[in-house]
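Visitor: Show me how the following folds:
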Amino acid sequence: MMGQLPASDALSILVQKHLPPPSRPVRDLSGSWHATLDTSDVDADQVLEAASTNSWRKIAVLARSTLERAGMELDEVVEWWTVRLYALARLRLYSMLRTELASVPEVLEGQEMPFGLLVLRATEAKFRGDTRSAVEQYTVLIRMCRERGGEVWRSRAIRVGMMLAFALAEARDYNAAIELLDPLVERLLSDEEGEGVQLVIVAARVWIQAGDLARALELIERAEQILPSESAVHAHIKQAKMVIATINGDFADGDGEAEGVVGALNRAVVQFYRAQLDAAIATLDAQLEAQPALVASADAVVFNTATLYELAAGDEAAVVGRKRQLLATIARWAAEPGPSSSAFKL
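Guide: Here you go, the predicted model:
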C-alpha cells in the first residue's frame with residue numbers, strides 16, 4: 001500500500017542540469033535518521049525538530065517503517081498513516097498521496113475516516129488542479145460539521161470554510177471567497193478569548209488580493225486590538241501592514257523594521273519601487289547569507305532574487321552565473337521539499 005519514495009527531487013534534478021560536478025552540493029535524500037536504517041528509537045521531539053526543518057522525507061520514511069511493524073493498535077495505525085500522508089503532501093508527491101489515500105478505507109476496517117483525513121482528501125483534489133472537486137468536498141465537510149454541532153465541530157466548520165474560501169480565491173473568484181469569509185472573520189473577531197484572531201490575519205490576504213486594501217487594513221487593526229501585547233502574532237500584523245503600505249505606494253511605512261525573511265523581502269520590494277535595484281539585491285543577498293536555511297524554504301525570496309538578477313546590469317551569461325550560484329547555495333541548505341524549480345528561472 002505504501003510506495004518507495006523517489007530517489008531524487010526537483011531541486012536535485014535542477015542541480016544536475018545546471019551545475020558542473022565539482023559545484024554540486026551533496027544532498028541527503030536517503031530519509032535516514034541514523035547511520036543504520038533502524039528508526040525504533042526516534043522520539044516525538046526528534047519528529048517535531050524534523051518537521052521544523054522541513055525534513056519531510058525523513059518523516060515519511062519513519063511513518064512507513066513504523067507502520068510495517070506488527071502488533072499496533074488501530075488508533076496508532078491511523079495516527080501514523082495520517083503522518084505519512086501529510087508528509088507526502090509536504091513533499092509534493094501528489095500521485096503517491098492519492099494512491100495511498102485510496103488505501104485508507106482498507107486500513108480502517110470499516111470504521112469512519114478521521115476528519116483530518118477527510119480534509120486531506122479534499123485538499124488532494126486541489127493539489128492536482130481539480131479545484132471544483134475540492135470545493136465540492138469542502139462544502140460537504142462544512143455541512144457535516146454543522147449537522148453534528150458542538151464547539152469542536154463549529155471550530156472545524158470555520159477552518160474548512162476558510163480553506164474553501166482560499167480555494168475560491170486561488171481560482172480568482174474573489175467575490176465568492178469574500179462572501180464566505182465575511183461572517184467567519186466577524187465570528188472570530190467577536191470571540192472574547194481571541195483564539196482565532198491569527199486566522200483573521202491570514203484571511204485578510206484575500207481582501208488584499210482582491211484589491212480591497214481598506215477592508216483588509218480594518219480587519220488587521222481590529223485583530224491587533226484584541227491580541228495581548230506579548231502575542232507573537234503582532235509580527236505577522238506588522239508584516240501585513242507593510243504589504244498594504246507598499247501596495248498603496250506609501251514606501252516610508254512600507255520600509256518598516258520587521259525582521260526575518262519576510263521583513264527582508266518587504267524591504268527589497270520597497271527598494272525596488274524606489275528604483276534602488278542594487279540595494280534590493282543586496283538586501284536579499286544579505287538575508288541569504290544570514291539565514292540560508294530559512295531562505296532555502298521560501299519560494300518567494302528565491303523567485304524575487306532571481307528576478308532582480310535579471311533586471312540588474314550585465315549580460316545574459318553573468319545573469320545565468322548569478323542564478324547558478326543562487327541554486328548552489330540554496331541546494332546546500334534546503335531540506336525537502338526545497339523551493340520549486342521554477343523559482344530559479346533557469
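Visitor: Where do the domain boundaries of the protein fall?
Guide: By the assignment in automatic domain parsing, the chain contains the domains 30-113, 259-346.
Visitor: Of those domains, which stretch is the most buried?
Guide: domain 259-346 (a mean of 18; mean count of other Cβ atoms under 10 Å). C-beta: built from backbone N, CA, C; applies to glycine.
Visitor: need the domains of the chain in JSON lines with distance to Phe166 and mean pLDDT, can you?
Guide: Shown next, in JSON lines, are the domains of the chain (distance: least, Cβ to Cβ, whole Å; pLDDT from 0 to 100):
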{"stretch": "domain 30-113", "distance to Phe166": "15", "mean pLDDT": "82"}
{"stretch": "domain 259-346", "distance to Phe166": "17", "mean pLDDT": "85"}
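Visitor: Adding distance to Ser133, write those out as TSV.
Guide: Shown next, in TSV, are the domains of the chain (distance: least, Cβ to Cβ, whole Å):
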stretch	distance to Ser133
domain 30-113	12
domain 259-346	23
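Visitor: now for the ones you listed, which one comes closest to Leu14?
Guide: domain 259-346 (4.9 Å; Cβ to Cβ).
Visitor: How about stretch 233-252, which residues are buried there?
Guide: For stretch 233-252, burial by neighbour count (16 or more other Cβ atoms under 10 Å) applies to 233, 236-246.
Visitor: Okay, and which of those map to helices?
Guide: The members of the buried residues of stretch 233-252 that map onto helices under DSSP state H are 233, 236-246.
Visitor: still on that earlier bit, do you know which of the domains of the chain lies nearest Glu186?
Guide: Comparing those against Glu186 with Cβ to Cβ, the closest turns out to be domain 259-346 (26.8 Å).
Visitor: what's the offset of the closest one from the middle of its chain?
Guide: Distance of domain 259-346 from its chain centroid, counting by Cα atoms, centre = their mean, to the nearest Å, is 18 Å.
Visitor: was I right about Leu217 contacting Ala245?
Guide: No: using Cβ atoms under 8 Å, Leu217 is not in contact with Ala245; the gap is 9.1 Å.
Visitor: Look at Cys257 and report its pLDDT.
Guide: Careful, residue 257 is Glu; it's not Cys. Note for Glu257: predicted pLDDT of 55.
Visitor: Relative to Leu227, how far out is Ile142?
Guide: For Ile142, the distance to Leu227 (Cβ to Cβ, to the nearest Å) stands at 27 Å.
Visitor: before we move on, what about Asp45?
Guide: In terms of Cβ to Cβ, Asp45 sits 29 Å off from Leu227.
Visitor: Could you check how far Ala264 is from Asn304?
Guide: In this view, Ala264 and Asn304 are 10 Å apart by Cβ to Cβ.
Visitor: OK, contacts around the residue nearest in space to the middle of the chain?
Guide: The centroid of the chain falls nearest to Arg90 when counting by Cα atoms, centre = their mean (8.1 Å). Applying Cβ atoms under 8 Å, 6 or more residues apart in numbering to Arg90 gives the contacts 54, 56, 337.
Visitor: How about Val185?
Guide: Shown in contact with Val185 (Cβ under 8 Å, 6+ apart): 199-200, 203, 219.
Visitor: so it is in which element?
Guide: Assigned by DSSP states H and E, Val185 belongs to helix 174-189.
Visitor: tell me the mean pLDDT over that helix?
Guide: Mean pLDDT, computed over helix 174-189, is 90.
Visitor: Pull out the buried positions in the next helix or strand after that helix.
Guide: Next helix or strand after helix 174-189 toward the C-terminus (DSSP H and E): helix 197-210. Going by neighbour count (16+ other Cβ under 10 Å), the buried part of helix 197-210 is 197-201, 203-204, 206-208, 210.
Visitor: helices or strands next to helix 197-210 in the packing?
Guide: Judged by 3 or more Cβ pairs under 8 Å, 6 or more residues apart in numbering; DSSP states H and E, the packing partners of helix 197-210 are helix 151-170, helix 174-189, helix 213-226, helix 233-247.
Visitor: Go ahead and name everything in contact with that helix.
Guide: By Cβ under 8 Å, 6+ apart, the list of residues contacting helix 197-210 from outside reads 158-159, 162, 165-166, 169, 174, 177-178, 181, 184-185, 188-189, 191, 213, 215-216, 219-220, 222-223, 226-227, 233, 236-237, 240, 243-244, 247.
Visitor: Next: stretch 128-147.
Guide: 94, 98, 115, 118-119, 121-123, 125-126, 153-154, 156-157, 160-161, 163-164, 167-168, 170-171.
Visitor: CA-only coordinates of it, as CSV, when you get a sec.
Guide: Extracted C-alpha coordinates of stretch 128-147, given in CSV (Å, rounded to 0.1, in the frame of the first residue of the first chain):
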residue,chain,number,x,y,z
ARG,A,128,-3.8,18.1,-8.8
GLY,A,129,-5.7,21.1,-10.1
ASP,A,130,-9.2,19.8,-9.6
THR,A,131,-10.5,22.9,-7.8
ARG,A,132,-14.1,22.2,-8.5
SER,A,133,-13.9,18.7,-6.8
ALA,A,134,-12.1,20.3,-3.8
VAL,A,135,-14.7,23.0,-3.5
GLU,A,136,-17.5,20.3,-3.6
GLN,A,137,-15.7,18.2,-0.9
TYR,A,138,-15.1,21.1,1.4
THR,A,139,-18.8,22.0,1.1
VAL,A,140,-19.8,18.5,2.1
LEU,A,141,-17.4,18.7,5.1
ILE,A,142,-18.8,22.0,6.2
ARG,A,143,-22.4,20.6,6.0
MET,A,144,-21.2,17.6,8.1
CYS,A,145,-19.8,19.9,10.8
ARG,A,146,-23.0,21.9,11.0
GLU,A,147,-25.2,18.8,11.3
